[in-house]
Structures are given as structure tokens and as C-alpha cells.
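Novice: coordinates only, sequence not included:
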């Protein structure tokens, strides 16, 4: 006699409040490849601290809304339960939530667009991953980038989405940091490194960066190390090549390199001297990609994390077995 075992669909109510909260926090942590609820909690604390300290609290609430919407979208569309458990529905959405209040004016149309865009990233991610699986790579945060670009560009023609800010919106303060790399002040140089980490979430705060590094440390010491290295090396590279000091001081040449460093240095390859060289090369390359994209992007449209995505694809597509692991880079939560 054949017995058919049917696996019932797990619903939000089956998990309970704390189970769902854990999924949300993992979604925040997955922005930097960490499927840890504790990491996500530190990230959210950093976002709220940084947003409120810079008098932009809407960024924090936008981040939370984007995380909720993109995660709920995964449940509503009955997407693979394993991905939801690891927080893979939420990490693009939280970035959308950070970006919209940063670049668009505060009105009902901005918030409705945020909800639409955050939900859109969940199924765009699935579609892109299905397409890119043949090349054994992942879409990373590019669903966030592509969807947000669409809305930011549309805002130029739709006056209901008014109030677009400049890409370098934060440059009106901290002018004393313009020449910190010349003075060699260790404290200010540390702040630059920390800002490079916080800018992953479009937050300009060294304290927020410190919270985020702590979040990495509780999950992976190698992710912590490579985040610091990525921010420091990219900032020094940009400085050596004469990039604008204001952009360097605010971490705008570092945030994509932070993600590249974590991806190549500790996520898709095991840490060793070969992967360290590969990751360092990726960090430096990200700086060039960042500068190139800063030059070609339409006025008022930020590169977001596109330099990270493009650079990391370039370094993963050759499918080199640097550390003798599988060269399949289509996912990362199964590699841990």
C-alpha cells in the first residue's frame, strides 16, 4: 500500500508572533548575508539610532515598513518556505524602505509607492534568481536597485512623487571631516570606516555603523573583519585616486565595497590567503565601478548597491574553485 505524505503549507499564524519576528529580523540581517535574528536586531537598532540622530526618522519607519511588506508578500504568494525562514524575502524590501524616504518627499504617494516597490522586489528577486541560476549566481540586492531606480526615474515625470533630494543629500553637515584623511586623525578615520558600513542602509552615522558591526560579530567574525577591511580599503583607495573628499568622508565610496568584501571574503569562499587576495581585488574594483556609475547616473539618481552587484557578479561568474568548494553561487544560506 502506498502512503502519500502531504506537507501542509506553513502559514504566518503557525509561527506565532515571535516566530514571525525572527523571520523579519533575519531579513534585515540578510542584507549583509547573515541569517541571524540577532544580527538583524542590531541592524535595526543602528538604523533607528542613525535615522533619529540625523533627524530623518522616516527612514527608520520606512525600513520597517519595507521589511514587513516584502516578507508578507512572500507568504501571500506561497513562495518557497525555506527561503522565507532564512529571511530571504525581506532584505531587498528593507533597503527600499530606507531609500524612498531618503530620496522622495513625504506624502501619501511616496508611502504607497514604497509599499508597491517593496512587494515588487520579492517576486522580481525570484524571477531574477530563476534566470540567473543557469549561470550559478544570485541576484543579491539588484531587485532593490532595479525597482527603486524605476520609481526614482518615474518621479521626474510624476509630480505626486515630488521632493527628490540630491544624491549627496547628507553633505550639509560634518564639514570638519572633509580633510580627515590628510590629518591622519585615528578617531575620525574610524568614523569614516563606520559610516561606510552604515551607508549600506543609506544611514550616515558612525554610531549606527558600530551597531551594525556588532551585529555582524555576533553571527560571523569573518563577516565583521571583512566589513571593516572593505570600508577601510575602499576609502583609502578612493582617497589615493583623488575622489571627492566629502563623498569619502560620508562613506559613499565604501558601502558597496563592504558588501563585496563580505561576499567574496567570507560568504561564497572560505577565508584563506587566496580568497583574501580575491576579496581585496574585488574591493578595489568596486571603487572604480562606484566612480564610473557616479559619473553616468542621471542627475539625482543614486547608484544604490549596483556597484556591489556588478562587481561581485564579475568575480563569481568565472566560477573559480579558489577554496576547493562548489562553484555554485546561486545561494548562500545553504553554504553555512
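Specialist: The structure has been received and is ready for your questions. Quick caveat: nothing in here was measured; it's all calculated off a predicted structure.
Novice: pLDDT weak spots in the stretch 51-200 of the chain?
Specialist: Residues of the stretch 51-200 of the chain that meet the criterion pLDDT under 70 lie in 163-184.
Novice: at 90 instead, please
Specialist: 78-84, 156-189 (pLDDT under 90).
Novice: the stretch 1-150 of the chain: helices as residue ranges?
Specialist: Taking DSSP state H, counting those that start in this stretch, the helices of the stretch 1-150 of the chain run over residues 12-29, 37-53, 57-76, 81-85, 91-103, 108-132, 142-154.
Novice: of the ones you listed, flag the one that's most buried.
Specialist: helix 91-103 (a mean of 29; mean count of other CB atoms under 10 Å). (C-beta placed from N, C-alpha, C; glycine too.)
Novice: that one packs against which elements?
Specialist: Applying 3 or more CB pairs under 8 Å, 6 or more residues apart in numbering; DSSP states H and E, one finds that helix 91-103 contacts helix 12-29, helix 57-76, helix 108-132, helix 142-154.
Novice: wait, which of the ones you listed is closest to residue 199?
Specialist: Smallest distance to residue 199 across those (CB to CB): 12.0 Å, for helix 57-76.
Novice: name the residues that touch the closest one?
Specialist: By CB atoms under 8 Å, 6 or more residues apart in numbering, the list of residues contacting helix 57-76 from outside reads 11-12, 23-24, 27-28, 44, 47-48, 50-52, 83-84, 87, 89-90, 92-98, 100-102, 106, 111, 114-115, 118-119, 121-123, 201-203.
Novice: go on, stretch 221-235?
Specialist: 32-34, 181, 192-194, 196-197, 212-213, 216-217, 248, 251, 253-262, 265-267, 271, 279-280, 283-284, 286-287, 290.
Novice: and that stretch, what's buried?
Specialist: 223-235 (16 or more other CB atoms under 10 Å).
Novice: a markdown table please, covering the helices of the stretch 1-150 of the chain and showing distance to residue 241.
Specialist: Below are the helices of the stretch 1-150 of the chain laid out as a markdown table (distance: least, CB to CB, whole Å):
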| stretch | distance to residue 241 |
| --- | --- |
| helix 12-29 | 32 |
| helix 37-53 | 28 |
| helix 57-76 | 30 |
| helix 81-85 | 39 |
| helix 91-103 | 27 |
| helix 108-132 | 31 |
| helix 142-154 | 24 |
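Novice: for residue 186, find the nearest of these.
Specialist: Among those, helix 37-53 sits nearest to residue 186 (CB to CB), with 22.0 Å.
Novice: between the helices of the stretch 1-150 of the chain, which one is closest to residue 320.
Specialist: Using CB to CB, the nearest of the helices of the stretch 1-150 of the chain to residue 320 is helix 108-132, at 17.6 Å.
Novice: related to what we said a few turns ago, which of the helices of the stretch 1-150 of the chain sits closest to residue 305?
Specialist: With CB to CB as the measure, helix 142-154 is the member of the helices of the stretch 1-150 of the chain nearest residue 305 (5.9 Å).
Novice: off-centre distance for that closest one?
Specialist: Helix 142-154 has its C-alpha centroid displaced from the chain centroid by 14 Å (CA atoms, centre = their mean, to the nearest Å).
Novice: which residues are contacting it?
Specialist: Here helix 142-154 has contacts from 92-93, 95-96, 99-100, 103-104, 113, 117, 120-122, 124-125, 128, 161, 164, 298, 300-302, 304-306, 309, using CB under 8 Å, 6+ apart.
Novice: quick one: it to helix 57-76, angle?
Specialist: Here helix 142-154 runs at an angle of 120 degrees relative to helix 57-76 (axes from the mean of the first three to the mean of the last three CA atoms, to 10 degrees).
Novice: how close does the residue lying closest to residue 94 once chain neighbours are set aside get to residue 211?
Specialist: The shortest distance from residue 94 to any non-neighbouring residue, by CB to CB, 6 or more residues apart in numbering, is to residue 67 (4.1 Å). From residue 67 across to residue 211, the span is 16 Å (CB to CB, to the nearest Å).
Novice: so who does the residue nearest to residue 140 when sequence neighbours are not counted touch?
Specialist: Take residue 140 and drop its neighbours on the chain: the residue closest to it by CB to CB, 6+ apart is residue 309, 5.0 Å away. Each residue near residue 309 by CB under 8 Å, 6+ apart is listed here: 139-142, 145.
Novice: roughly how far is the host helix or strand of residue 309 from the heart of the chain?
Specialist: If you go by DSSP states H and E, residue 309 is part of helix 306-316. Relative to the centre of its chain, helix 306-316 is centred 13 Å away, using CA atoms, centre = their mean.
Novice: for the stretch 201-336 of the chain, give me the ranges with low pLDDT.
Specialist: 271, 298-301, 319-336.
Novice: helices along that one, start to end?
Specialist: So, for the stretch 201-336 of the chain - with DSSP H, counting those that start in this stretch - the helices run 206-219, 221-240, 245-249, 255-262, 273-296, 306-316.
Novice: out of the ones you listed, flag the one nearest residue 155.
Specialist: Across the helices of the stretch 201-336 of the chain, closest to residue 155 is helix 306-316 (CB to CB), at 18.0 Å.
Novice: separation between residue 264 and residue 332?
Specialist: Counting by CB to CB - residue 264 and residue 332 are separated by 12 Å.
Novice: more crowded one of those two?
Specialist: Neighbours per residue (other CB atoms under 10 Å) separate residue 264 from residue 332, with residue 264 holding more: 26 against 18.
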